[in-house]
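> Show me the folded form of this:
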Amino acid sequence: MMKTYAFVGLGGRSRFFYNSLVKDYSDTSKVVAFCDVNQTRMNVANEAMKELGGEAVPTYRQYEFDKMIEEVKPDIVVVTSVDRTHHKYIIRAMELGCDVITEKPMTVDEEKCQEIIDTQKRTGKNVRVSFNYRYAPYNSKIRELIMNGAIGKVNSVHFEWLLNTSHGADYFRRWHRDKRNSGGLLVHKSTHHFDLVNFWIGSQPDTVFAFGDLMFYGRENAENRGVQGFYYRAQGSEAAKNDPFALHLEKSESHKKLYLEAEKEDGYLRDQSVFGDGINIEDTMGVIVRYKNKAILTYSLNAYMPWEGFRVMFNGDKGRIEMCVYEKVYVNGEGDSAQEGAVKGKEIIVYPMFGEPYKVDVEEAEGGHGGGDPILLKDIFSDEPSNDPLERAATHVDGAMSILTGIAANKAIATGMPVKVDTLVNF
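Numbers count the residues shown, from 1 in each chain. Sure thing, here's the model as predicted:
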């Protein structure tokens, strides 16, 4: 049976999904419409569709979303818009009879999350959250090891994620730098990481406490380090020419088309200085979480590190697992999306409580996010029945439980008090 898909939000991430539909799943799937605030970006998407061998589809502005659903009647709406708008399109799509696939994070605060939960209950429609890191072979292997009792009951997890001066800096150039848009990195980025912990240990967060601050990016921090030359955006700026943190849109054909040539329509500037004013998200964060199964997580996220990747350690009542993953540099919207989260190196070591440590081999996989992207795409787009013993498919409940850790952490940072997750929403 042919399934039809409409897209809302045509920035860099949307291409990951519609490319796959046209290239790999055209026998059973069809893209039928695009919706965005910017006609230029929709035109770029249609050009890409034709280059892939597909056909251009009708385009609709954001205020024509209902009209799009009425006219093309998609089975599924794919939401890849700015984070703060996710809930609007998820909710309205369900109300109009569509299932939804949404990019993470599902939304940015507890009120919007509650609206999604309530609408899903009322409509009975299906919401999938695209947590591609679950599907990365090394992350799936950790789930398998823990499920099979390699270290017994997991009592604590130490998780350190490093964003480097290319990828990490990129969140401070664009719309993510305003917490109203993204929920900050503890929601926008850490939703991946908190979801992984929920997935790995098979539990949900109970109590959250956190500290966080803007300690590297932003004008004041740069001034305190002795920086003297400032600029608003890189395009046309002499000061930006020798700044290693500057993004030069004219050097990337995809960035030129998606952003530089599109900014006349909506005023969105993709290349703002990471050392400008108006940044209100944190770049240095520490979180502690108590889970419903009594496990404890200590989590660290820093967005200006010399290398990209993560280290995670699991302490169980029968031993310990250590994993280290090094990722390649990638900037959203630039070049091949298969390079996003691609792995440079990885290692998993199991330390039994009584026995010799051993390395765990993980099958190499091609594609972005450590090879997880192609597996995710097959899971959400293939018409073959899924039989996944690891249960990697993520529902709106999984989407909620990941963001609620970050939302609770934001509240803890603001108030200095721990937050009970169950007080934020009702399921």
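> quick one: low-confidence ranges for the stretch 301-427 of the chain?
Residues of the stretch 301-427 of the chain that meet the criterion pLDDT under 70 lie in 330, 332-341.
> At which residues are the strands of it located?
Counting by DSSP state E, counting those that start in this stretch, one finds strands in the stretch 301-427 of the chain at the ranges 308-316, 319-327, 343-352, 358-359, 419-420.
> Verify the contact between Leu145 and Val360 for me.
Yes. Taking Cβ atoms under 8 Å as the definition, Leu145 is a contact partner of Val360 at 6.9 Å. Every residue, glycine included, has its C-beta placed from N, CA and C.
> so what's in contact with these two at the same time?
Residues touching both Leu145 and Val360 comprise 348, 350, with contact defined as Cβ atoms under 8 Å, 6 or more residues apart in numbering.
> and the two? which has more neighbours close in?
Leu145 (19 against 16; other Cβ atoms under 10 Å).
> right, and the strands of the stretch 301-427 of the chain - which one's nearest Arg15?
Nearest to Arg15, of all these, is strand 319-327, at 19.8 Å by Cβ to Cβ.
> Report the helix or strand with the lowest average pLDDT across the chain.
Lowest mean confidence among the helices and strands of the chain (mean pLDDT, DSSP states H and E): helix 368-381, at a mean of 87.
> ok so, going back, now mean neighbour count too, for the strands of the stretch 301-427 of the chain, in JSON lines please.
Formatted as JSON lines, those follow (neighbours: other Cβ atoms under 10 Å):
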{"stretch": "strand 308-316", "mean neighbour count": "20"}
{"stretch": "strand 319-327", "mean neighbour count": "19"}
{"stretch": "strand 343-352", "mean neighbour count": "16"}
{"stretch": "strand 358-359", "mean neighbour count": "10"}
{"stretch": "strand 419-420", "mean neighbour count": "17"}
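> Mind giving me the packing neighbours of the helix or strand harbouring Thr191?
Per DSSP states H and E, Thr191 falls inside helix 190-201. With contacts defined as 3 or more Cβ pairs under 8 Å, 6 or more residues apart in numbering; DSSP states H and E, helix 190-201 has these neighbours: helix 137-147, strand 154-164, strand 284-291, strand 296-305, strand 308-316, helix 396-415.
> Could I get the phi/psi values of Val362?
Here is the backbone geometry of Val362 (degrees, to the nearest 10): phi -130, psi 130.
> got the contact list for Pro418?
Counting by Cβ under 8 Å, 6+ apart, Pro418 has contacts 207-209, 412.
> Roughly how far does it sit from Leu249?
43 Å (Cβ to Cβ, to the nearest Å).
> chain center to the helix holding Thr191, what's the gap?
12 Å (Cα atoms, centre = their mean, to the nearest Å).
> before we move on, what about stretch 79-93?
14 Å.
> what is the mean pLDDT for it?
Averaging pLDDT along stretch 79-93 gives 98.
> Now that stretch - C-alpha only, CSV.
Extracted C-alpha coordinates of stretch 79-93, given in CSV (Å, rounded to 0.1, in the frame of the first residue of the first chain):
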residue,chain,number,x,y,z
VAL,A,79,7.7,17.7,11.2
THR,A,80,11.2,19.2,10.9
SER,A,81,10.5,22.8,11.7
VAL,A,82,11.9,25.0,14.4
ASP,A,83,11.6,23.2,17.7
ARG,A,84,9.1,25.7,19.3
THR,A,85,6.6,25.1,16.5
HIS,A,86,6.7,21.2,16.6
HIS,A,87,3.7,21.0,18.9
LYS,A,88,1.5,23.1,16.7
TYR,A,89,2.0,20.9,13.6
ILE,A,90,2.0,17.6,15.6
ILE,A,91,-1.3,18.5,17.2
ARG,A,92,-3.0,19.9,14.1
ALA,A,93,-1.8,17.0,12.0
